[in-house]
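Peer 1: All I have is the shape, not the residue letters:
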């Protein structure tokens, strides 16, 4: 039995290209096309294709490709969804996976890659764009450090900078023309905002950042 495929893309030229690529394969048959989510849902209900190749963005449609995948997967005898998009978007990939899509590919891939992806998805396997996946995994393994400085006042940044230079509260007070008690209050406040308990932690943190933090 040939793998029956539904193509969902708001651009006719894209659908035509996909039909030509997939139509050359003896084990794949494009049974229908749709330019929007409503049309795709109606066709899928009638034909029950094995795989739906869906674009993320569907022009003026209120329902995007990710939401369409979710709706298709909720139906009786749902098709497996392969998201094919021109946009290298990690959030869209995560959304597609959460919506039940079995595959996510960029349109920059070769035609044979799409053919292989349709077969993989139809067989019940998952397939994700390797470049987008690698970048997403790298971000997960090395999350960006939150901007802790954003919560500090300008004066607290000045004090933190001088702590990083190894100055005592008295030395900081003299440098900034402040009372030593005022400096102590600034130190207590900035340590709390940074989630630290000791000034040595703050000094080490400044050193790791490479020095001057007084202006971010």
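Peer 2: That came through, no problem. The structure presented is a predicted model; accordingly, all values stated were derived computationally and were not measured. Numbers count the residues shown, from 1 in each chain.
Peer 1: In the protein, where's the longest helix?
Peer 2: helix 180-194 (DSSP state H).
Peer 1: avg pLDDT for that one?
Peer 2: Averaged over helix 180-194, pLDDT sits at 94.
Peer 1: Work out the gap between that helix and the centre of the chain.
Peer 2: 38 Å (C-alpha atoms, centre = their mean, to the nearest Å).
Peer 1: next one: stretch 173-193
Peer 2: For stretch 173-193, the distance to the chain centre is 41 Å (C-alpha atoms, centre = their mean).
Peer 1: Touching the least confident helix or strand in the chain by mean pLDDT from outside, list them.
Peer 2: For the chain, the helix or strand with the lowest mean confidence is helix 130-141, at a mean of 76 (criterion: mean pLDDT, DSSP states H and E). The contact list for helix 130-141 (C-beta atoms under 8 Å, 6 or more residues apart in numbering) reads 88, 89, 90, 93, 94, 104, 106. For glycine as for every other residue, the C-beta is placed from the backbone atoms N, C-alpha and C.
Peer 1: Check stretch 104-119 too.
Peer 2: 3, 5, 14, 18, 21-22, 25, 27-28, 51, 53, 82-88, 92-93, 96-97, 103, 127-129, 131-132.
Peer 1: One more: stretch 190-209?
Peer 2: By C-beta under 8 Å, 6+ apart, stretch 190-209 touches 148, 151, 152, 156, 159, 160, 161, 163, 164, 166, 187, 213.
Peer 1: How many residues are close by the third one?
Peer 2: It refers to residue 152. 21 (other C-beta atoms under 10 Å).
Peer 1: pretty sure it contacts residue 161?
Peer 2: No: here residue 152 lies out of contact with residue 161, judged by C-beta atoms under 8 Å, at a distance of 10.4 Å.
Peer 1: If you count neighbours, what's buried in stretch 117-132?
Peer 2: By 16 or more other C-beta atoms under 10 Å, the buried positions in stretch 117-132 come out as 117, 118, 119, 120, 121, 122, 127, 128, 129, 132.
Peer 1: Now, those that are in strands?
Peer 2: If you go by DSSP state E, the buried residues of stretch 117-132 have 127, 128 in strands.
Peer 1: Please tabulate the buried residues of stretch 117-132 in a markdown table and include distance to residue 72 as additional columns.
Peer 2: As requested, those are exported to a markdown table (distance: C-beta to C-beta, whole Å):
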| residue | distance to residue 72 |
| --- | --- |
| 117 | 17 |
| 118 | 15 |
| 119 | 19 |
| 120 | 18 |
| 121 | 13 |
| 122 | 14 |
| 127 | 17 |
| 128 | 19 |
| 129 | 20 |
| 132 | 22 |
